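> What shape does this take:
(2 chains)
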Amino acid sequence: MNFDRTKEKLEILADAAKYDVSCSSSGGKRKNNGGLGDSSASGICHTYTEDGRCVSLLKILLTNHCIYDCIYCVSRKSNDIKRAAFTVEEVVDLTISFYRRNYIEGLFLSSGIFKDADTTMERLVRVAKKLRTEHNFNGYIHLKSIPGASDDLMNEAALYADRLSVNLEIPTESGLKLLAPDKNREDMLQPMRIVQKGIQQYKDEKKIIRSTPKFAPAGQSTQMIVGATNENDLQIIKVADHFYKNYGMKRVYYSGYIPVTVDNRLPAITAEVPVLRENRLYQSDWLMRFYGFKADEILDFNMPFLDLEVDPKLSWALRHLDQFPVNLQTADYKMILRIPGIGVKTAQKIVSARKFQVLSIDHLKKLGAAVNRAKYFIDFTYGNPFLKHLTDLNLRKLILSGSQSKFQNQFSQQLTLF
Amino acid sequence: MTTLLYDGSFDGLFTAIFEVFEYRYQDVEIMNRENFQQKNMFAEVHEVVTQQEKSERVLNKLEKSIGKSGINDLLRVYLSEDNELEQLVLSVVRQSVKFPNDNVLKNFANDDILKISKICKSVSRERHRMTAFVRFKKMQDDVFFAKIDPDFNVLPLIRKHFKDRYADQKWMIYDLRRHYGLFYDLENCEFFYPDEKLDLNQYQEKFHDEEKKYQTLWQSYFTKTNIKERKNIKLHIQHVPKRYWKYLTEKH
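From the prediction side, this is the model:
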């Protein structure tokens, strides 16, 4: 290995891959049989970058040479940057050597499209195949599928990768046309359908033949850039909901647009990264996946943007005061989950502790609820003095005055815009 | 007041608990012999001799009401090295004698149980961090070596994790604070207790030839994968508290 050259390539190709926000390394279900690695456990974040994102996988591009010119992308053809390409062996060696030192859970491999979709995809598959078959590597592999890749290659990729993903890039089709004229939505959807079909087929066959080879055991995910075009949050959540329901997606990621180009089709290069909006989208995503909320409960046509001042669950509660107060001792788990300030773990603890005794507001605090919000929405068996505010027109203000958003100072500028 | 002195082992603790019931002590404290200095002249001291049979009788009985995961929680309390660990475990046993048909560990409204649930959370978090923040260095003899200094005694909790993961390389993890380690030699994975502290002053000289190169590659990866426009040091430190930094290759 030419160390200096590898280092230079790694710097270029890690730099180019960092805008992909997917980081999950869980759900692999791959047991070690005397070789290297095990991804049967839940994922592990091995370190965190200074921007606070977790690092669990070696996330790199195979190459940043690209025939496309999507204007939101640093690797676009017209961008004057240093180009590099890894060999298959180099990626394999880096993955194994990093894994052996416990730096990473595995590999996240993406690529610029250097010749055509299939040539690029074939090279990605070759890396995964080599890791699995020649090095007995059982760590996590996430391959970024290339839009337009053939069905055969997608099926082969799914034999070696734990997770496959195709980025939707832009939430709306019109936005995609504007910013990525060479790409089309259908090319992105076809590989997703193939993987989904394969996963279903695997599940069916597995019931009959136990030795059926694994097929993308950690499922598929996708990512959308938020704020590069003028889509609203309702559109974004609807798209996510559609992919969870119809494509069996494990995760949808939202990536606040980071200005990389001056172009009148894009937000100004000085625009701030919409971190708060992104955070609210993730909160909504969690409400759909873990709290039993439907997309159109979170937002509707009269209210197409998420409230930046309050989180989406509190926002829902404030619009549905008729559903409160919730009796902590008797309400069912689903409704307890809807109380602002109460998360999944606290809700579970409440349900098991109340069998032993009557719960008070002190218990609630100890069980980890954000009582400053929750106290206005709960009825304890012996009453609750804060309930008199429930019908107050200024309830929202009252709650906000009692809680400090971690974003308030950082994004004060954005808040005044809305 | 009776003070039961035990040898500090898990089985010793449960032998002591067995004897609390055997001798029908009411006002009682259980103490690790190492931490004992007689303060209370009038306290009666009871020396406990660890007997696995007695310990197992308590554990088996307990498992019926709090389950395997409950026993696991008590193991975590033991490994937390918390000042109150003996009192908390005894409290669970007493509660479970009182409510033999309930899993008393689910009663989060009870102060002792809540404390246990917090300790378990801390210990589990430290365990998880030790699966994440261990950094192996390849040595000249091809052993992958890592130093750790966890706040709680979590080495027994990560043995299986590393054993499952690194089956085809020799590795060693050494706890600097407690002076013992885990060693896997391609066949067995055992704890070892050196007579003297390992001398690690010049261990960098024993690195494998290629070790420094991969450290440098990892450091450049770490730097390059950061997005400057989204800098958030507060969040960074929240995820990677500073006390771990000296063991993290990427933070050098």
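> Just the pLDDT for the residue in chain B that chain A sits nearest to.
Residue of chain B nearest chain A, by C-beta to the nearest C-beta: B:Leu235 (3.0 Å). Any C-beta I mention is one placed from the backbone N, CA and C, and that applies to glycine too. With respect to pLDDT, B:Leu235 has a value of 93.
> can I assume it is in contact with A:Gly52?
Yes: here B:Leu235 reaches A:Gly52: they are 3.0 Å apart, a contact under C-beta atoms under 8 Å.
> B:Tyr174 against B:Val143, yeah?
No: applying C-beta under 8 Å as the test, B:Tyr174 and B:Val143 come out as separate, 11.2 Å apart.
> can you pull the contacts of A:Ser145?
A:Ser145 sits next to A:121, A:154, A:157, A:164-166, A:191, A:195 when contact means C-beta atoms under 8 Å, 6 or more residues apart in numbering or on different chains.
> rewinding a little: tell me which element the residue of chain B closest to chain A falls in.
For B:Leu235, the element it lies in under DSSP states H and E is helix B:233-239.
> where do the helices sit along chain B?
Listed in chain order, the helices of chain B (DSSP state H) span residues B:10-22, B:52-79, B:85-98, B:111-133, B:155-165, B:211-224, B:233-239.
> can you check the stretch 201-350 of chain A too?
Remark: helices assigned in the stretch 201-350 of chain A by DSSP state H, counting those that start in this stretch are A:233-246, A:275-290, A:295-298, A:312-319, A:333-336, A:344-353.
> and these as JSON lines, adding mean neighbour count?
As requested, the helices of the stretch 201-350 of chain A are exported to JSON lines (neighbours: other C-beta atoms under 10 Å in any protein chain shown):
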{"stretch": "helix A:233-246", "mean neighbour count": "18"}
{"stretch": "helix A:275-290", "mean neighbour count": "19"}
{"stretch": "helix A:295-298", "mean neighbour count": "18"}
{"stretch": "helix A:312-319", "mean neighbour count": "21"}
{"stretch": "helix A:333-336", "mean neighbour count": "14"}
{"stretch": "helix A:344-353", "mean neighbour count": "18"}
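> With distance to chain B and mean pLDDT as added columns, please give the ones you listed in JSON lines.
Converted to JSON lines, these look like this (distance: least, C-beta to the nearest C-beta, whole Å; pLDDT from 0 to 100):
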{"stretch": "helix A:233-246", "distance to chain B": "19", "mean pLDDT": "95"}
{"stretch": "helix A:275-290", "distance to chain B": "7", "mean pLDDT": "96"}
{"stretch": "helix A:295-298", "distance to chain B": "25", "mean pLDDT": "94"}
{"stretch": "helix A:312-319", "distance to chain B": "21", "mean pLDDT": "95"}
{"stretch": "helix A:333-336", "distance to chain B": "14", "mean pLDDT": "97"}
{"stretch": "helix A:344-353", "distance to chain B": "4", "mean pLDDT": "94"}
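> And chain A, what are its domain boundaries?
Domains of chain A are assigned by the TED database as A:3-25+A:41-223, A:312-402.
> sorry, back to before: so which elements touch the helix holding B:Leu235?
When contacts are defined as 3 or more C-beta pairs under 8 Å, 6 or more residues apart in numbering or on different chains; DSSP states H and E, helix B:233-239 sits against strand A:47-48.
> Could you identify the helix or strand that succeeds the strand it packs on?
Using DSSP H and E, the next helix or strand after strand A:47-48 towards the C-terminus is strand A:54-55.
> Pull up the pairing partners for that following strand, direction included.
Sheet neighbours of strand A:54-55, with direction, are listed as strand A:47-48 (antiparallel) (DSSP bridges).
> Identify the residues contacting residue 136.
All of this is about chain A. Shown in contact with A:Asn136 (C-beta under 8 Å, 6+ apart): A:33-36, B:168.
> should've been chain B
Contacts here follow C-beta under 8 Å, 6+ apart; on that basis B:Phe136 touches A:100-102, B:144-146, B:171.
> try it again with 10 Å
A:99-103, B:143-146, B:162, B:166, B:169, B:171-173, B:211, B:249 (C-beta atoms under 10 Å, 6 or more residues apart in numbering or on different chains).
> still on that earlier bit, wait, doesn't the residue of chain B closest to chain A sit right on A:Glu50?
Yes: here B:Leu235 reaches A:Glu50: they are 9.0 Å apart, a contact under C-beta atoms under 10 Å.
> Quick check: which ranges of chain B have low pLDDT?
B:38-41 (pLDDT under 70).
> one more time with 80, if that's ok
B:37-43, B:201 (pLDDT under 80).
> and it, what are its domains?
B:2-126, B:134-207, B:209-251.
> of all of chain A, which residue lies closest to chain B?
A:Gly52 (3.0 Å).
> where does that residue land on pLDDT?
91.
> Count the neighbours of it for me.
19 (other C-beta atoms under 10 Å in any protein chain shown).
> that older thread, which ChimeraX command selects the buried ones in the contacts of B:Phe136?
If you want just the buried ones from the contacts of B:Phe136 in ChimeraX, going by 16 or more other C-beta atoms under 10 Å in any protein chain shown, the selection is:
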select /A:99,100,101,102,103 /B:143,144,145,146,162,166,171,172,173,211,249
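> picking that back up, which of the contacts of A:Asn136 tops the neighbour count?
Busiest of these [other C-beta under 10 Å] is A:Leu36, holding 20 neighbours.
> If the spatially most central residue of chain A is in a bridge, with which residues?
In chain A, the residue lying closest to the centroid (C-alpha atoms, centre = their mean) is A:Tyr253, at 3.0 Å. Using DSSP bridges, the beta-bridge partners of A:Tyr253 come out as A:Gln223.
> Can you name every helix or strand that the strand or helix carrying A:Lys397 contacts?
Element membership of A:Lys397 [criterion: DSSP H and E] is helix A:395-401. Using 3 or more C-beta pairs under 10 Å, 6 or more residues apart in numbering or on different chains; DSSP states H and E, the elements in contact with helix A:395-401 are helix A:312-319, helix A:371-374.
> The first one packs against which elements?
So the one you mean is helix A:312-319. helix A:275-290, helix A:295-298, helix A:371-374, helix A:395-401.
> Would you format the ones you listed as a markdown table with distance to A:Leu178 included?
Listed next are the helices and strands packed on helix A:312-319 as a markdown table, based on distance: least, C-beta to C-beta, whole Å:
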| stretch | distance to A:Leu178 |
| --- | --- |
| helix A:275-290 | 20 |
| helix A:295-298 | 25 |
| helix A:371-374 | 40 |
| helix A:395-401 | 37 |
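> Indicate which one of these is closest to A:Ile81.
A:Ile81 sits nearest to helix A:275-290 of all the helices and strands packed on helix A:312-319, at 25.1 Å, using C-beta to C-beta.
> starting at the chain centroid, how far to the closest one?
10 Å (C-alpha atoms, centre = their mean, to the nearest Å).
> can you check stretch A:152-162 too?
21 Å.
> out of the contacts of A:Ser145, who's nearest A:Leu276?
A:Ser165 (25.2 Å).
> list the contacts for the residue found closest to that closest one once you drop the neighbours it is linked to in the chain?
For A:Ser165, ignoring the flanking residues on the chain, the nearest one in space by C-beta to C-beta, 6 or more residues apart in numbering or on different chains is A:Ser221 at 4.5 Å. Taking C-beta under 10 Å, 6+ apart, we find A:Ser221 in contact with A:22, A:24, A:142, A:144, A:163-167, A:243, A:249-253.
> Could you rerun that using 6 Å?
Listed by C-beta atoms under 6 Å, 6 or more residues apart in numbering or on different chains, the contact partners of A:Ser221 are A:22, A:165, A:250-251.
> Same question for A:Lys238.
A:Lys238 touches A:Ala295, counting by C-beta under 6 Å, 6+ apart.
> how close does it sit to A:Tyr72?
Per C-beta to C-beta, to the nearest Å, A:Lys238 is found 21 Å from A:Tyr72.
> what's in contact with stretch B:64-82?
B:10, B:63, B:85, B:88-89, B:96, B:100, B:103, B:105, B:116, B:119-120, B:123, B:152-153.
> Any buried residues in it, and which?
By neighbour count on 16+ other C-beta under 10 Å, the buried set for stretch B:64-82 is B:65-66, B:70, B:73-80, B:82.
> Over to stretch A:164-179?
Across stretch A:164-179, burial judged by 16+ other C-beta under 10 Å covers A:164-172, A:175-176, A:178-179.
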